[in-house]
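S.K.: coordinates only, sequence not included:
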């Protein structure tokens with residue numbers, strides 16, 4: 001599913017663009033989010049968006065297309081997975 005939200009123009013200079021991939025039923029959608037860190041973007045996706053399951057977080061610097069991010073979100077471990085912990 002290609003379900004992106006409109007992207008705000010710019011963002012505070014210290015913030016980076018992150019793409020939050022959410023699983024909604026059997027489909028995935030992307031939502032842009034400006035944050036100072038990946039940790040802040042994760043927090044927003046897991047604790048502020050309660051009606052959707054966070055599947056992945058991508059930084060805008062990676063250069064993936066929307067379709068690539070949506071494909072990867074289906075196979076990557078959940079951001080809450082022990083695999084991502086230090």
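M.R.: On my side now, so go ahead. As the structure is a computational prediction, the values presented were derived from the model and not from experiment.
S.K.: I'd like the mean pLDDT over stretch 44-62, please.
M.R.: Per-residue pLDDT over stretch 44-62 has a mean of 88.
S.K.: and that stretch, how far out from the chain's middle?
M.R.: Relative to its chain's centre, stretch 44-62 lies at 4 Å (Cα atoms, centre = their mean, to the nearest Å).
S.K.: in it, which residues are buried?
M.R.: 44-46, 52-58 (16 or more other Cβ atoms under 10 Å). C-beta: built from backbone N, CA, C; applies to glycine.
S.K.: again, but for stretch 21-32
M.R.: 21-23, 28-31.
S.K.: re the thing from before, mind putting the buried residues of stretch 44-62 into CSV with distance to residue 67?
M.R.: Shown next, in CSV, are those (distance: Cβ to Cβ, whole Å):
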residue, distance to residue 67
44, 23
45, 20
46, 24
52, 19
53, 20
54, 19
55, 15
56, 14
57, 17
58, 12
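S.K.: now secondary structure too, for these, in TSV please.
M.R.: Compiled in TSV, these are given as follows (DSSP: H, G, I helix; E, B strand; the rest coil):
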residue	secondary structure
44	helix
45	helix
46	helix
52	coil
53	strand
54	strand
55	strand
56	strand
57	strand
58	strand
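S.K.: out of those residues, who's nearest residue 72?
M.R.: residue 56 (6.4 Å; Cβ to Cβ).
S.K.: give the contact list for residue 18.
M.R.: If a contact means Cβ atoms under 8 Å, 6 or more residues apart in numbering, then residue 18 has 32-35, 38, 41, 57-60 as its contacts.
S.K.: let's have those in JSON lines, adding secondary structure and distance to residue 76.
M.R.: Putting those into JSON lines (DSSP: H, G, I helix; E, B strand; the rest coil; distance: Cβ to Cβ, whole Å) gives the following:
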{"residue": "32", "secondary structure": "strand", "distance to residue 76": "18"}
{"residue": "33", "secondary structure": "strand", "distance to residue 76": "17"}
{"residue": "34", "secondary structure": "strand", "distance to residue 76": "22"}
{"residue": "35", "secondary structure": "strand", "distance to residue 76": "19"}
{"residue": "38", "secondary structure": "helix", "distance to residue 76": "14"}
{"residue": "41", "secondary structure": "helix", "distance to residue 76": "15"}
{"residue": "57", "secondary structure": "strand", "distance to residue 76": "10"}
{"residue": "58", "secondary structure": "strand", "distance to residue 76": "9"}
{"residue": "59", "secondary structure": "strand", "distance to residue 76": "14"}
{"residue": "60", "secondary structure": "helix", "distance to residue 76": "17"}
